[in-house]
Each structure stands twice: as structure tokens, then as C-alpha cells.
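# generate a structure from the sequence data that follows.
(4 chains)
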Protein chains: 2
Amino acid sequence: MTEPHDILFRTLADPTRRALFERLCREGEKTVGALTAKAGVSQPVVSKHLSLLKQAGLVRDRHEGRQTHYSAQLDALAPLVDWTGRMTRFWEARFDDLENLLRRMDQ
Amino acid sequence: MTEPHDILFRTLADPTRRALFERLCREGEKTVGALTAKAGVSQPVVSKHLSLLKQAGLVRDRHEGRQTHYSAQLDALAPLVDWTGRMTRFWEARFDDLENLLRRMDQ
DNA sequence: TTTTTATATAGCTGGATGGCTATGGGTTCG
DNA sequence: CGAACCCATAGCCATCCAGCTATATAAAAA
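The predicted structure is shown next:
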């Protein structure tokens, strides 16, 4: 019952965590320290969020000496795009049916 | 700080709630009773979830006698689509910069 | 080696929330 | 009218989780 988009919705639902992901998308690779500086929460909290983002496949980490660099893994958003696309197509399919019905009623 | 996509992520993060929205997208308008029958949770829980979906603009309700019909409001997903699009464009912009850099280095 | 720096982990706590049952409000049926 | 029905609300409880501080781990610097 656990679809691929499920973990994405859950992970991106938290504003702090989503803001971290957005910064990585906008500004590219960043260290934990750099992210913490403007995150508005403590460093352990940032680390925890990055860990969850990594679990969801939304970020990668790269170790360099004593610092860890994180970067967005954008293709991880694909299941989200697919899901919204599917929902839209369901809607359109039912709309087409309605159109057909109306067309038949017209004759 | 509360962006339009924020409430969508939060609302769709819950699997039960998202399943209700999916059913409304797939199968069109449904009464609370019909939704409850296959939701796996009690009727009050379904009502509560529908209320939150409505607050998020994801569904509409239509009262008819003693029953309430709910239907998906699909254009409400637009901020979600916009957000994923923006993230993707940030990524591509940085990728283009990298390409330019490599091109300059090549010369 | 000792100290400082960078990040991760452990443990705690308050607040948010999803589930339940019980009940209220309103509608249709007998 | 009263009974049955549909849905929403109220109130409660357990669980989850985002935040904190303290500490462990590990690397660079002194």
C-alpha cells in the first residue's frame, strides 16, 4: 500500500524540511553548517531533516574531510509529477465522458 | 511564510485523506456514505478528512437532502504542479551554468 | 596529543493529529 | 408525530514527530 509518492508527500509536508530542499534546488550543493546558518533551527534538527530527505531519495550527501555536502536529487520528484498527472488525467477522462454524453443528448 | 502549496503538501501527506481525494478524482462525485464504505475508517473520520480537504480547496461539497456529495476540485493541484516545475527549473538553470562553464573551459 | 571544529546520534518533551465513541442537527419515511 | 437515516461535531486518547540539549564521532589544527 506504500506507493512511491507516499514518502515524498510525507517528507515534503514539513515546512522546515521543504525549505532545506528548496535551498538545495535553488543554490546547489551546501554543507550542513551553511544550511544551519539560515535555517532558523539548531544544527541537530537540520541534520535530522537532511537524513529524512536522504531516506526519501530527495538529496545526496558527499563527505569531504569533516564536513558533509548535500545536494538535491531532482529526479526524485518524478513520482510526485506522475501522481498529479494521473489525477489530472482521471479528471479529464471523466470530463470527456461528460462531453460525449452531452453530444449524444444533442442529437 | 505560508505559501499556497504548503497546505496542499500538509493535506495530502496523510494516506487516508489522499486516498479519499484519489477516489474522488477517479470515480467522480460521491456521498460521505459511499466513501465511508470503502475507506477502512469510521464515518466521523471520513467527514473530518473531507472537511480538511475542503479547507485546502481540494474538494467541493453539494448538499442534497440529508446527504452530502463531495467532488474533486482538480485545479487546486496547480500550486503543486507550479512548485515542482520551479524546483526543476532551478535545477536546469544550474545545469546550464555548468554547461557554460565547461564550454568556456574547453576553449 | 590536546583542542577546536563539523556533523551525527541519543534522549527528552510538548504539541499536533488521526483514530475512536457518543451525540447533535437536520431530513426522510412510516 | 416518532423512528430511522445521513452527516457533522465534540470529546477523548494514543501515537507521532519536530524541536531542544547533551554527547559521541571524527577530522583538522595547534
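
# okay, stretch A:37-44 in PDB with CA atoms only?
What follows is stretch A:37-44, C-alpha atoms only, in PDB (Å, rounded to 0.1, in the frame of the first residue of the first chain):
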ATOM      1  CA  ALA A  37      23.200  29.200   9.400                       C
ATOM      2  CA  LYS A  38      19.900  30.300   7.700                       C
ATOM      3  CA  ALA A  39      17.500  27.500   8.700                       C
ATOM      4  CA  GLY A  40      16.200  29.000  11.900                       C
ATOM      5  CA  VAL A  41      16.600  25.800  13.800                       C
ATOM      6  CA  SER A  42      19.500  24.000  15.600                       C
ATOM      7  CA  GLN A  43      22.200  22.000  13.800                       C
ATOM      8  CA  PRO A  44      20.900  18.600  15.100                       C
END
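
# what residues sit buried inside that stretch?
For stretch A:37-44, a neighbour-count test (16 or more other Cβ atoms under 10 Å in any protein chain shown) marks residue A:39 as buried. Glycine gets a C-beta too; all of them are placed from N, C-alpha and C.

# what does chain A put close to DNA strand C?
Contact residues, chain A versus DNA strand C (Cβ under 7 Å from any atom of the strand): A:31-33, A:36, A:43-44, A:47-48, A:50-51, A:61, A:66-68.

# do you know the pLDDT at whichever residue of chain A sits closest to DNA strand D?
Nearest residue of chain A to DNA strand D (Cβ to the nearest atom of the strand) works out as residue A:65 at 2.6 Å. Residue A:65 carries a pLDDT value of 94.
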